[in-house]
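In: Below is the sequence, then the predicted model.
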Amino acid sequence: MAQDVKWVQRMRHYAVPVLILYVTAIIVALLLEKMWLIPIMASVSVMIVVMGYQEMRIMWQMTKHPKAHRILIFQYVFEWVDAILLTALMVTLLTAEDFGLVIGLFFGIWGVLSPTRQKWFTKQLKQIDPELPTYEEVIEGSVLNGPSI
């Protein structure tokens, strides 16, 4: 698990340069060829899924409760929905604008509810295992990297 935590910390270290690269790529795509936005956003979606998987994998090792594992799987499914909505939004905005606006509305509502969803998942995990640290505490290294029993 320590290796997974170090990987996530390393990825967070490179977050700003990657963000600058993506913003530059989006600006270039908007100026030259808007269809390039589709693979750019698809790669962002892949990163969302990979980081969500890493979160689930790290937190899975922190608890042995089957109910907590189900909550983590449920949370990971929501990461997939985030990624699918992002890709679908970009594809439909560039190909079928009217339908893209409808998906954009769903994506906007989904994004606004994201903090509430995250609080709900954290609350559910704390009810199942009160000693379970949050994902941020694990990544910041403020807790021991061992499973709770």
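Out: Okay, I see it.
In: Which other helices and strands does the longest helix belonging to the chain contact?
Out: Identified as the longest helix of the chain according to DSSP state H is helix 66-95. Where contact means 3 or more CB pairs under 8 Å, 6 or more residues apart in numbering; DSSP states H and E, helix 66-95 is packed against helix 37-62, helix 97-112, helix 114-128. In this view, the C-beta of every residue, glycine as well, is placed from N, C-alpha and C.
In: Return the most buried member of those helices.
Out: Of those, the one with the most neighbours on average (mean count of other CB atoms under 10 Å) is helix 37-62, at a mean of 17.
In: Remind me what it packs against, helices and strands.
Out: If you count contacts as 3+ CB pairs under 8 Å, 6+ apart, helix 37-62 packs onto helix 2-13, helix 15-31, helix 66-95, helix 135-140.
In: which one of those helices lies closest to W120?
Out: helix 66-95 (9.5 Å; CB to CB).
In: Same question for the closest one: list its buried residues.
Out: For helix 66-95, the neighbour count (16 or more other CB atoms under 10 Å) marks 68, 71-72, 75-76, 79, 82-83, 85-93 as buried.
In: Give me the mean pLDDT for that helix.
Out: Averaged across helix 66-95, pLDDT comes to 90.
In: 283 is where my numbering starts, stick with that
Out: Sure, I'll start counting at 283 from here, so that last one is helix 348-377.
In: chain center to that helix, what's the gap?
Out: Per CA atoms, centre = their mean, to the nearest Å, the displacement of helix 348-377 from the mean C-alpha position of its chain is 8 Å.
In: Which residues are in contact with T416?
Out: T404 (CB atoms under 8 Å, 6 or more residues apart in numbering).
In: no, scratch that, I was asking about L319
Out: 308, 311-312, 372, 376.
In: returning to what we had before: quick one: the helices and strands packed on helix 319-344 as a markdown table, columns for distance to Y335 too.
Out: Formatted as a markdown table, those follow (distance: least, CB to CB, whole Å):
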| stretch | distance to Y335 |
| --- | --- |
| helix 284-295 | 10 |
| helix 297-313 | 17 |
| helix 348-377 | 7 |
| helix 417-422 | 13 |
